[in-house]
Structures are given as structure tokens and as C-alpha cells.
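1. Any chance you can model this:
(2 chains)
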Amino acid sequence: MNYFPDEVIEHVFDFVTSHKDRNAISLVCKSWYKIERYSRQKVFIGNCYAINPERLLRRFPCLKSLTLKGKPHFADFNLVPHEWGGFVLPWIEALARSRVGLEELRLKRMVVTDESLELLSRSFVNFKSLVLVSCEGFTTDGLASIAANCRHLRDLDLQENEIDDHRGQWLSCFPDTCTTLVTLNFACLEGETNLVALERLVARSPNLKSLKLNRAVPLDALARLMVCAPQIVDLGVGSYENDPDSESYLKLKAAIKKCTLLRSLSGFLEAAPHCLSAFHPICHNLTSLNLSYAAEIHGSHLIKLIQHCKKLQRLWILDSIGDKGLEVVASTCKELQELRVFPSDLLGGGNTAVTEEGLVAISAGCPKLHSILYFCQQMTNAALVTVAKNCPNFIRFRLCILEPNKPDHVTSQPLDEGFGAIVKACKSLRRLSLSGLLTDQVFLYIGMYANQLEMLSIAFAGDTDKGMLYVLNGCKKMKKLEIRDSPFGDTALLADVSKYETMRSLWMSSCEVTLSGCKRLAQKAPWLNVEIINENDNNRMEENGHEGRQKVDKLYLYRTVVGTRMDAPPFVWIL
Amino acid sequence: MEKEGLGLEITELRLGLPGRDVAEKMIKKRAFTEMNMTSSGSNSDQCESGVVSSGGDAEKVNDSPAAKTQVVGWPPVCSYRKKNSCKEASTTKVGLGYVKVSMDGVPYLRKMDLGSSQGYDDLAFSLDKLFGFRGIGVALKDGDNCEYVTIYEDKDGDWMLAGDVPWGMFLESCKRLRIMKRSDATGFGLQPRGVDE
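-> Numbers count the residues shown, from 1 in each chain, chains lettered A, B, ... in the order given. Okay, here's the model as predicted:
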């Protein structure tokens, strides 16, 4: 089969970088499997319990970059107890023991401790890049170890983590010899920041491209930082309150004008809106704008800023922008690819800031739109049908109508037809989140049309098991299915057990599945971990048959090649 | 909002385990339009709207007053974002809502809703459940018989022994809790409560 020596094939494989493609290559023949595994440098593990570090290292001994994901997605919404699992320490320990040349570690929803960070920092001489997203369990002491010990650190990117800020001096732990930083993102830290150490660090990092500050960095410090780093591409502003006539503000304005490479702006955690005009000179270059934490910037200031951003590709914003604001976006941002509109008023007090009209306007004005996350108070089938017609290229479509079970507000009908139109038109749809009043019909549509769908989020939807069955039978590419508060039970769960081998995971909470149903599933599918999460009472789940009819509160099942995990807390029962 | 106002509880399937709080499980199709998020009784802390403390706080499920009909984890906004959108609210309403609780020897912190405890006894019970350790409650009630002391950080950033001030005052000023080993606190003149009364 091979007409070329292995080195040539390996060289060809070097050009293949996507995980999917590399996985496909490794299935072609034994020889390619072998060549691929020795040349694989980047590995992505979507569920840290699907495999263990020993097997990973056996297969990919030349690993340089590892991505791990821990808790299921619904953990973001407090549906998964903190101690559920997803501990990174065993992975780092195993990697350290094996002396693999780890350079990059990317973690999402994992429990990270200071101990693991310390071990990480000491074990890998060439370690360059640490990206932590939605992780927890560590403090700034752990960051101090990374800063102090990783001599070639390029990226320290902390996104939306829960970090206990000991208000220590972690920034001063970067040695004076550290000049390699490219990314420094500590926006999620709550505590004070040593501004002097920060400024010195930025001044000696000529390659720094991405800098995201926390709210403890005030405007005058920002001005000084911008002067040191005119090469910045991606900026997260911390605190942004100041008098527009003050010297710092004038300095900032002058410094920003020099940042001709700036393409991405975020932060504004505490922002005085009238200062935004300092950024107007560079807005025409911006491709990414995240104002979703800038609760104090309202309507007109937002719009004034956005009107300058003609090249915007990605926009994250609060719904305080309003339908009118979205119309401005639609007429200005013709290059827009991704839009996220977050709720500003989490009390749901009837604030109708954005409605279906804003969504329709965007779909009409932005032909390149492929990803949307939209929180709103109301929706109609007609609007969704129009959106589907305007934007058949959606890859991700996540609509969240704030009130569960809300029907079409004009016709009072369920929103089945609207979502049906979306899945029918958007042939490349990979991710979908549903909301509003929905019957089994919407799932019939999804099963019929959503051929590329990989991730589906369902809440308060459907009538009977048929709904879930349509999805399981129809969506051949389904990887992650997460369902809450919907009337799907054992019949749907058990209909096709082999389906779960083709999926990464299934989450069902507050549904109709029973303990005996889950037990039967576990029996039929030993290659699945079937976890019952039952935090309310330690001994509630009894063994005898009578109790088997109990409804299971939270079910999480996933395929795995390494069997039951040993680190589950007492309230997680693995069948 | 009273649960009786729904009128559908007889016909509704009850999800979840027996003994589960019915109010929480009344969140089902078509009943939800009755849910009024602005019912002020349940919004004692603005940040936590939409999040009844069930993540990790085992004792809370049986503890929801009738007014607390909010749904866990809804709207689906990640907790980091929820926390940071409410920044203003959380600084003005110190003590109400979730505070971090750390315990010496435990590598991770917990969060608990002080507002849902009725007093020091209740707090003691909640802390016991949180860490699965039966001694903490004793520390609050009866100073010297326990391996641990419970201290809290107040608005001024000072660490105070829990139990000295009236409950209401404690609620107002408590920013975070720490369960410390008594041995670490020796020499600080900790007297059994009875001595000073």
C-alpha cells in the first residue's frame, strides 16, 4: 500500500492538522496508524473520562499539546455539583512521569489545583502555553508557580475561571528574563493587581499580542500599558472609568491611535460610556468586539461605537442594545459571522430589549452570519422562517427565549415550525439550542433534516418519548445530547443502546427516566459509564426492585474505553 | 407566588425523588407562564435569580420557601457571567446571597447561600452538610468542644469569630466564611461562649 518511505508519508501527514482528519488517517491501515501515532503532536480529548493518561501516552508518545474537557456542559448552569470530578492532577502526574515534551495544555471545565499547576510548571522544560477555560479549584499561588518556573512561557490565558485571588504577587513572579509572552489574560481575577510588576512585564514582552486585564487595572495604568505595547492585537480593558478631560485619558487616546494592529477589543468591566470615543480611531480595524460585560454602556454610546466598526466579524453584546441597535449592526457590520446577545436583566422583569425583530434584521443584513446565540423575551415562527431563508449557512444556532414554554407571541402556537425551518434550511448546522413552547413535532423535523447536527440542547420541550426517539434515530452525527426538564423516559433511553457508542455523551436531568431503566441500560452497554448524580441524599437510591421505579434526577452517560472511574464522589453512582 | 396558585399540581407528573420539594418541580410545561420572576420575596439577592442553590448544596432542596419558584440553571447563562453581570448588586448587598466557604484541609472552596439559613443553628447544620463533617456546627454553638472554629470576613476585611453578633448583623456584614483548625487559632483567647455571658 505504501509507495513511499515512512518519512515521506509522515511529512505529508504534517500538513494534516485537524483532529478529525488525523483520526481518519489513522484508520486507513496499520502502517498509517503507526506513522500517524508517532507523528501526532496535538491531541484533543473531549471527555477526560473516556480514556486515561496511560493509554493516551502509549498511543501518542510524542505528544506536545493536550486539550482536555471535564464536566458536562450543563455544569456551566450549576446543574453539576462541584465535586463531581474532572480533576487534572492525575493527568499532569502521568505526563510528568512519562517525560513527554509537553508544551501546551488546554483545559475546559476541569478542577485544577495549585498543586497541579506547580507540578506542571516544574515538569516540562519547554512548556509554553496554558489555557484554562471555566476551570476552578486553584488560586493565584498556582499562577505564581507557572510564572516563576516556565521559562519559555508564551501564553497564559485564563478565561472565566473561578480563581481564589490571594492578592499575592504572582505577576512579580515572572523573572526579569521572561520576555517571551504572547498572550496574557487575567481578566477573571478578582483581586488587586501589582501594576508596577504588570507594566514592567508588558514593557519587556515585545511579542505580546493579547493582553486582557482585570477590573483592578485602572485607566491611567491602561494608558501606560498601551504606550509600552503598541503592537497589541487583542485588548481586554479592565476598569474604564475616568474623566474624559483628565491627563490619563488624553494619554490613552494618543496611545490608542498608535495601536494600528489592534483587532479585538473586550472587557470594559466598569465603564464610563463617554470615554469610549477614545477607541473610535481604531474601530475601523476591529474584527472582534466583546462588550457583553459592559453593563453600563447603553444604547447610544454602543451604537456610536459600532457604527465605526465596519469590519466586525464577531460581536458579543448585551440585549440592552435593543432591536434598534441590532438594526444598526445589521446595516454596518456586513462582515459579521458570529453574534452573541446576552441578557442584561437576569431577573426577567419583562424588559423587552430585544425581540424577534432584532434577529430578523441581523439575518437580513449580515449574509456571512454562521453562529448565533440570542437571548430574548419573545419569538415567532414567522420570524424564524424568515431568518432561515435569509441565513441558510448557520453552523451554530442557539436561541434562548427567557421564559420556558413560551409560545409564538403572535399566534400562541408552539415554535415547532420556526425551528423546523431553521434545520431544514441550514444544511451545515452542527449545534442547536432550543427554547420556547415545543412539541414532539420539532424533534421530528430535527431528526429528518439536521443531518450534520453534533450538539443539541433541549430544555422544557417535547411531549412523549417519540420526541427523543426522532432525534436519536435521525441525527447520525450526534455527539452531545443534553436534555433537561423534558418528558423523555426509559423507552427512549433504551430504544437503541448502540447509538451511545457513536456519541460522546448524553445528559438527562429532571426527565422521566427511572433507576431501573438506567440499570438496564448499564447492563446492556458495559462500555458506557452510566452515572446517576444524586446530591440530595446519600442513600436514596435503594437496590431493591420497588425503588427501581424512582425517577432519576440527573443522568450522565458517556462512552469510555477505561471503565468506571475511581474518583467519583459518594453522590455519583456509577451503574 | 404561592404554589397553590398553579392549580395543576394534582395532574402534573412529579419528577425527582420522593420527598423532593414540590415547588421546585412544579416547573413544567404550560405551568411556567405563571412563574413570575419578579415576585420580590424570592429575589432577596438579585444575582442569583434563576439559580436555586442546588449545585453542590445538598441541604437546599428541602428548603425552598413557596415564593422561591425560580428554576435551577435557568436562564442558561454561565455562572461566571451571572456573577459578573451583577457586580453592582453584589457590592451593595454584602452578605446576602452566596458567600465562599473554605475549610482548612479541603483543597477546594464551596459556596453557600447565607440568606437561606435562618440563624446560627441553621448555618451550623448547613455547614456540616456542606463539608460532610459533623463537627462544624458544634463549633458555632459550643465553642470549646470542637476541632474547628468558624470565622468570617466582614465588610472591612477583618476576620471575625462567628456567633458574636446578632444573626441579622452577621448576615449584613459577612463576605466569606472560613472553617479554621482550632489549633491554628490557639493563643487568640477563644473562650467557650458560656464564660462571657
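2. can you tell me the helix or strand for A:Ile458?
-> For A:Ile458, the host element (DSSP states H and E) is strand A:455-459.
3. That strand pairs with which strands, and in what direction?
-> strand A:431-433 (parallel), strand A:480-484 (parallel) (DSSP bridges).
4. May I have that strand as CSV, with CA atoms only?
-> Extracted in CSV, the C-alpha atoms of strand A:455-459 (Å, rounded to 0.1, in the frame of the first residue of the first chain):
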residue,chain,number,x,y,z
MET,A,455,-24.8,19.0,19.6
LEU,A,456,-28.3,19.6,20.7
SER,A,457,-29.6,21.3,23.9
ILE,A,458,-33.2,20.7,24.9
ALA,A,459,-35.0,22.3,27.8
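5. Check which element follows that strand along the chain.
-> Sequence order places helix A:465-474 as the next helix or strand after strand A:455-459, per DSSP H and E.
6. And for that following helix, what's in contact with it?
-> A:439-440, A:442-444, A:446-448, A:450, A:456, A:461-462, A:478, A:481, A:483, A:486-489, A:491-493, A:495-496, A:499 (C-beta atoms under 8 Å, 6 or more residues apart in numbering or on different chains). Where C-beta positions appear, they are placed from N, C-alpha and C, glycine not excepted.
7. now the stretch 251-400 of chain A, which segments are flagged as low pLDDT?
-> Along the stretch 251-400 of chain A, the parts satisfying pLDDT under 70 run over A:346-352.
8. For it, just list every one of the strands.
-> A:264-271, A:288-290, A:314-318, A:338-342, A:371-376, A:396-401 (DSSP state E, counting those that start in this stretch).
9. now do the same end-to-end measure for stretch A:201-209.
-> End-to-end distance for stretch A:201-209, by C-alpha to C-alpha, to the nearest Å: 13 Å.
10. Skipping its backbone neighbours, what lies nearest A:Leu225 in space?
-> Residue nearest to A:Leu225 in three dimensions, not counting chain neighbours: A:Val202, with 5.3 Å by C-beta to C-beta, 6 or more residues apart in numbering or on different chains.
11. What residues of the host helix or strand of the one you found count as buried?
-> Counting by DSSP H and E, the element that carries A:Val202 is helix A:195-203. Residues of helix A:195-203 classed as buried: A:Leu195, A:Ala197, A:Leu198, A:Glu199, A:Arg200, A:Leu201, A:Val202 (neighbour count, 16 or more other C-beta atoms under 10 Å in any protein chain shown).
12. ChimeraX command to pick out the buried ones of the contacts of helix A:465-474?
-> Listed next is the ChimeraX selection for buried residues among the contacts of helix A:465-474, using 16+ other C-beta under 10 Å:
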select /A:439,440,442,443,444,446,447,450,456,461,462,478,481,483,486,487,488,489,492,493,499
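13. so of the contacts of helix A:465-474, which ones are in strands?
-> Within the contacts of helix A:465-474, residues falling in strands by DSSP state E are A:Leu456, A:Leu481, A:Ile483.
14. for the first one, what are its contacts?
-> When contacts are counted by C-beta under 8 Å, 6+ apart, A:Leu456 is found next to A:Arg431, A:Leu432, A:Ser433, A:Leu434, A:Ile446, A:Ala450, A:Val471, A:Cys475, A:Met478, A:Lys480, A:Leu481, A:Glu482.
15. Can you give me the neighbour number for the first one?
-> Same thing as A:Arg431. Neighbour count of A:Arg431, defined by other C-beta atoms under 10 Å in any protein chain shown: 19.
16. My guess is it contacts A:Phe397. True?
-> Yes: with contact defined as C-beta atoms under 8 Å, A:Arg431 reaches A:Phe397; the gap is 7.2 Å.
17. What's the first helix or strand after the least confident helix or strand in chain B by mean pLDDT?
-> Least confident helix or strand of chain B, by mean pLDDT, DSSP states H and E, is helix B:22-25 with a mean of 39. For helix B:22-25, the succeeding helix or strand toward the C-terminus, using DSSP H and E, is helix B:79-85.
18. quick revisit: any chance of the strands of the stretch 251-400 of chain A in a markdown table, plus distance to B:Glu172 and mean neighbour count?
-> What follows is these, written out as a markdown table (distance: least, C-beta to C-beta, whole Å; neighbours: other C-beta atoms under 10 Å in any protein chain shown):
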| stretch | distance to B:Glu172 | mean neighbour count |
| --- | --- | --- |
| strand A:264-271 | 24 | 22 |
| strand A:288-290 | 35 | 20 |
| strand A:314-318 | 30 | 22 |
| strand A:338-342 | 31 | 22 |
| strand A:371-376 | 33 | 22 |
| strand A:396-401 | 35 | 22 |
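19. between those strands, which one is nearest to B:Asp121?
-> B:Asp121 lies closest, by C-beta to C-beta, to one member of these: strand A:264-271, at 38.9 Å.
20. for chain A, what are the low-confidence residue spans?
-> Where chain A drops to pLDDT under 70, the residues are A:1-2, A:242, A:244, A:346-352, A:535-548.
21. Now with 80, please.
-> A:1-3, A:167-168, A:241-246, A:270-275, A:296, A:298-299, A:345-352, A:535-548 (pLDDT under 80).
22. Quick one: list the elements packing against the top helix by length along chain B.
-> Secondary structure of chain B per DSSP state H: the longest helix is helix B:120-131. Here helix B:120-131 touches strand B:98-103, strand B:110-113, helix B:136-141, strand B:176-181, going by 3 or more C-beta pairs under 8 Å, 6 or more residues apart in numbering or on different chains; DSSP states H and E.
23. Please identify the buried residues of it?
-> By neighbour count on 16+ other C-beta under 10 Å, the buried set for helix B:120-131 is B:Tyr120, B:Asp122, B:Leu123, B:Ala124, B:Phe125, B:Ser126, B:Leu127, B:Asp128, B:Lys129, B:Leu130, B:Phe131.
24. ditto for stretch A:253-260
-> Those would be A:Lys253, A:Ala255, A:Ile256, A:Lys258, A:Cys259, for stretch A:253-260 by 16+ other C-beta under 10 Å.
25. what's in contact with it?
-> Under the contact criterion C-beta under 8 Å, 6+ apart, stretch A:253-260 has outside partners A:223, A:226-227, A:230-232, A:235, A:262, A:278-279, A:281-282, A:285.
26. just to revisit the earlier point, among the helices and strands packed on helix B:120-131, which comes closest to A:Leu326?
-> Among those, the nearest to A:Leu326 by C-beta to C-beta is strand B:98-103 (33.1 Å).
27. so what's A:His14 up against?
-> Actually, residue A:14 is Asp rather than His. A:Ser39.
28. one step back: let's have the helices and strands packed on helix B:120-131 in CSV, adding distance to A:Ala525.
-> As requested, those are exported to CSV (distance: least, C-beta to C-beta, whole Å):
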stretch, distance to A:Ala525
strand B:98-103, 38
strand B:110-113, 34
helix B:136-141, 41
strand B:176-181, 42
